[in-house]
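I need the structure of the sequence given here:
(chains A and B)
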Number of protein chains: 2
Amino acid sequence: MSRRLTSTPRADGFHMPAEWEPHVGCWMLWPERSDNWRDGAKPAQHAFAAVAKAITQGEPVSVCVSPGQYLVARQMLDPAIRLVEMTNNDSWIRDCGPTFLINEKGQVRGVDWKFNAWGGLDDGLYFPWDQDDLVGEKVIELERVDRYAPDFILEGGSVDVDGEGAVLVTEECLLNHDRNPDLTRGQIEANLRDYLGCDTVLWLKAGVYRDETKGHIDNFCRFVAPGEVVLTWTEDRNDPQYAISAEALARLGQMRDARGRKLVVHKLHQPAPVLISAEEAAGVAPVEGTLPRMVGDRLAASYVNFYIGNGVVVMPAFDDPMDAEAQATLGDLFPTRQIIAVPGREILLGGGNIHCITQQQPSAFTHKSHAGLQSAGS
Amino acid sequence: MSRRLTSTPRADGFHMPAEWEPHVGCWMLWPERSDNWRDGAKPAQHAFAAVAKAITQGEPVSVCVSPGQYLVARQMLDPAIRLVEMTNNDSWIRDCGPTFLINEKGQVRGVDWKFNAWGGLDDGLYFPWDQDDLVGEKVIELERVDRYAPDFILEGGSVDVDGEGAVLVTEECLLNHDRNPDLTRGQIEANLRDYLGCDTVLWLKAGVYRDETKGHIDNFCRFVAPGEVVLTWTEDRNDPQYAISAEALARLGQMRDARGRKLVVHKLHQPAPVLISAEEAAGVAPVEGTLPRMVGDRLAASYVNFYIGNGVVVMPAFDDPMDAEAQATLGDLFPTRQIIAVPGREILLGGGNIHCITQQQPSAFTHKSHAGLQSAGS
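As a prediction, the model looks like this:
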């Protein structure tokens, strides 16, 4: 049974573990809406299937799918993947799904944030988003874990934790008027501390240039180990991304994490600008109220949008010379894991990438057990 | 992961345990179709909620619900009940759901029978039934157990096992031209042996008078212990049920189970005939192709349609003087369990009763563990 709790994770001794800690599995959502995904979402479905298959090398994957796509997904997905019927508005489970927490005893609970499609009626990417907002509750209930449901709009991709008390966020996203306009910066920090079980909120200014999430940290700058982050980067001073990344680098240099460590910053050079082609734009069936996909629009391509699974890191590739460099860097940063590059362009065309379409579920083991699992699994 | 197996349970050492063996839980399906359930299914929903709550006294209950009813069901069901989104055509998970099997090691697998709404295009109760036919597969996949999917139409309510090699069935149902017209009696027996892991098929002639399933055993005659059955009964020789039950009693007297035991037969006297009232008939929104609910029609009321859960037996009550007698008889037959009578009329108005709307999932423990669990749970 899944109880709705009215206390806070912090008060109850729960926190969000780092993504590199052991998982019992990964959740995804099957893409289908033809006003966002070109060609009836068929290319995206193949891309999602490849991501799911890569992750299954290290952990079980459950793909949630609407009733109408159930049999289609069953045909296209590897038989090892578990299919779960779940109505949805789109396929970004990082953002509409739950955040799983653990405590020192290894118990697992879930946070069921409010979701407003990255901006609500003012500035959201589609309407309605009622079914997406139920995804967190449904997943938590399926897993029979207890649930916190704060009155707070948050997407999982807008926070990144080290599992040791620090959380990275951006002002562009968390202070945006279209998420929680009635909360002060201090109240937002308090919510992050209470519901992620963090001590220190590390603020960057903005996310990747033209990221339609308006500043999600998970496409821009993420922890790869305690005290170490990766940051998307460019050496091209004429690229609008340069100033954003340089400003972040300067801020990161001044920060201390919750344990008092200075941060080591690893740069991940971005690929060449990815622009929507005429053919790609023509494949979308536009609908009023959904963010249009226009020919020539630049997409927020970044290698930072990888998923850290048991034994693997699954990263997006863009058919770009930088792919190999990014893969090598991630190989250095995660020496015990296989770095799997999966084509990410079709996912990016829908507005995000591999991290955005995944949601890890941590293992329900004690920290002592964790140590053993980590060496066995990675 | 859930593999589809092409062997048979019998060959793999699996069999269907008796319903009184320990469960990890019970599955149900939420009623909603207004062409079968009166008053927009609201009275039925209350009745289902009461059944679910009774079963939760002994084991966890998962209620599957269509996307459109998810929030309604959440409000009406006890918070201890797990909700699982599942599109459906109606709410009879005994018949459209999986049959769970165990082996000597305590492993669990599922049989995903074909389902044709009790008679297909010729004689089925509604059309379409495509979503009901997916329920078995979906439940099995959610539970991550391996799956047998024989090319064989069978409803779970048409078989009753003692867990020791015997299965009770009726000719009216299993030999009906509208289920598996191309199979001989011998081939049907072979399928029962192969997929239920049984040795002996015990044939009765027919089921309860006017049962729209056309002879389901689970409303008529069921095992309550190895070597012991209950049989719905009447002393009224003018009631059409009398001849059916008397004929069955004669056959039962001649039978030996798989272990060579003669059967002890316990009679459960039926309630007075239950007829659809004018108000009840008027509450249904008739649709061509769905079995009509006409005023004055007699329903197949029977106390045999109870659910045996951990520590409880949940039986239908009909606001009839016989209710107390049936409850007392079941109390004698299940002395370690609480006998809970739940009003069954609203369920019966839709065509079945408590056993028809439930599906047990046995425990994945070894037989040795079973012994301990049974004494603990009952």
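
what about the residue in the stretch 201-350 of chain A that chain B sits nearest to, how many residues close to it?
Relative to chain B, the nearest point of the stretch 201-350 of chain A is A:N310 (14.9 Å; CB to the nearest CB). Backbone N, C-alpha and C define where each C-beta goes, glycine included. Residues contacting A:N310 under the criterion other CB atoms under 10 Å in any protein chain shown number 24.

mind checking pLDDT for it?
pLDDT, A:N310: 98.

can you give me phi and psi for it?
Taking degrees, to the nearest 10, you get phi -60, psi 120 for the backbone angles of A:N310.

same thing with A:L231?
Backbone torsions for A:L231, taken as degrees, to the nearest 10, come to phi -130, psi 130.

In space, what's closest to it - neighbours in sequence excluded?
Using CB to CB, 6 or more residues apart in numbering or on different chains and skipping residues adjacent in sequence, the residue nearest A:L231 is A:C221, 4.7 Å away.

Now do the contacts for that neighbour.
Contacts for A:C221 (CB atoms under 8 Å, 6 or more residues apart in numbering or on different chains) come out as A:160, A:168, A:204, A:229-232, A:248, A:252, A:304.

picking that back up, the residue of the stretch 201-350 of chain A closest to chain B against A:T56, yeah?
No: using CB atoms under 8 Å as the test, A:N310 is too far from A:T56 to be in contact (10.1 Å).

bridging residues for A:V312?
A:G309, A:Q338 (DSSP bridges).

mind checking how far it is from A:I81?
As judged by CB to CB, to the nearest Å, A:V312 and A:I81 stand 15 Å apart.

Check A:L5 too.
31 Å.

ok so, going back, out of the contacts of A:C221, who's nearest B:P362?
Of all the contacts of A:C221, A:D160 has the smallest distance to B:P362: 43.0 Å, by CB to CB.

can you pull the pLDDT of the closest one?
Looking at A:D160, its pLDDT is 98.

do the same with A:A18
Per-residue confidence (pLDDT) for A:A18: 98.

Tell me which residues touch the residue lying closest to it once chain neighbours are set aside, please.
Nearest residue to A:A18, sequence neighbours excluded (CB to CB, 6+ apart): A:G163, at 3.2 Å. By CB under 8 Å, 6+ apart, the contact set of A:G163 is A:15-18, A:20-21, A:226.

can you check A:L252 too?
By CB under 8 Å, 6+ apart, the residues touching A:L252 are A:204, A:221, A:229, A:231, A:263, A:265.

switch to 6 Å and redo it
Going by CB atoms under 6 Å, 6 or more residues apart in numbering or on different chains, A:L252 touches A:263, A:265.

how about the helices in the stretch 101-250 of chain A?
Applying DSSP state H, counting those that start in this stretch to the stretch 101-250 of chain A gives helices spanning A:120-123, A:130-142, A:171-174, A:185-196, A:240-254.

could these be laid out in TSV, adding distance to A:W92 and mean pLDDT?
Formatted as TSV, the helices of the stretch 101-250 of chain A follow (distance: least, CB to CB, whole Å; pLDDT from 0 to 100):
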stretch	distance to A:W92	mean pLDDT
helix A:120-123	15	94
helix A:130-142	8	98
helix A:171-174	14	98
helix A:185-196	19	98
helix A:240-254	22	98
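
just to revisit the earlier point, pick out whichever of A:L5 and A:I81 has more residues nearby.
With neighbours defined as other CB under 10 Å, A:L5 and A:I81 compare such that A:I81 has more, 23 against 17.

I'd assumed A:S62 was in contact with that one.
No: the criterion here is CB atoms under 6 Å, and A:I81 misses it with A:S62 at 7.4 Å.

before we move on, the earlier item: looking at the contacts of A:G163, state which has the most neighbours.
Within the contacts of A:G163, neighbour counts (other CB under 10 Å) peak at A:M16, which reaches 25 neighbours.

Could you measure from that residue over to B:L349?
49 Å.

Over to A:Q69?
With CB to CB as the criterion, A:Q69 and B:L349 are 35 Å apart.

And those two? Which one has more around it.
Here A:Q69 and B:L349 are compared on neighbour count by other CB under 10 Å; more neighbours surround B:L349, at 24 against 19.

Skipping adjacent residues, who's closest to the more buried one in space?
Per CB to CB, 6+ apart, closest to B:L349 is B:E280, 5.9 Å.

Against A:F334, how distant is that neighbour?
65 Å.

And for A:R82?
26 Å.

Ok, A:Q327 next?
According to CB to CB, A:Q327 and A:F334 sit 11 Å apart.

same thing with A:A41?
A:A41 is 31 Å from A:F334, by CB to CB.

Between the two, which has more neighbouring residues?
A:A41 (25 against 19).

helix/strand/coil for the more buried one?
Classification of A:A41 by DSSP: H, G, I helix; E, B strand; the rest coil places it in helix.

Which pLDDT value belongs to it?
Listed pLDDT for A:A41 reads 98.

Assess the claim that it and A:P31 are in contact.
Yes: judged on CB under 6 Å, A:A41 makes contact with A:P31 at a distance of 4.9 Å.

list the contacts for A:N36?
By CB under 6 Å, 6+ apart, A:N36 lies in contact with A:G350.

Apart from its chain neighbours, what residue comes closest to A:E141?
For A:E141, ignoring the flanking residues on the chain, the nearest one in space by CB to CB, 6+ apart is A:S2 at 4.6 Å.

in a strand, that's where that neighbour is, yeah?
No: under the criterion used here (three-state DSSP), A:S2 is coil, not part of a strand.

And it, how far from B:S62?
As for A:S2, its distance to B:S62 is 11 Å (criterion: CB to CB).
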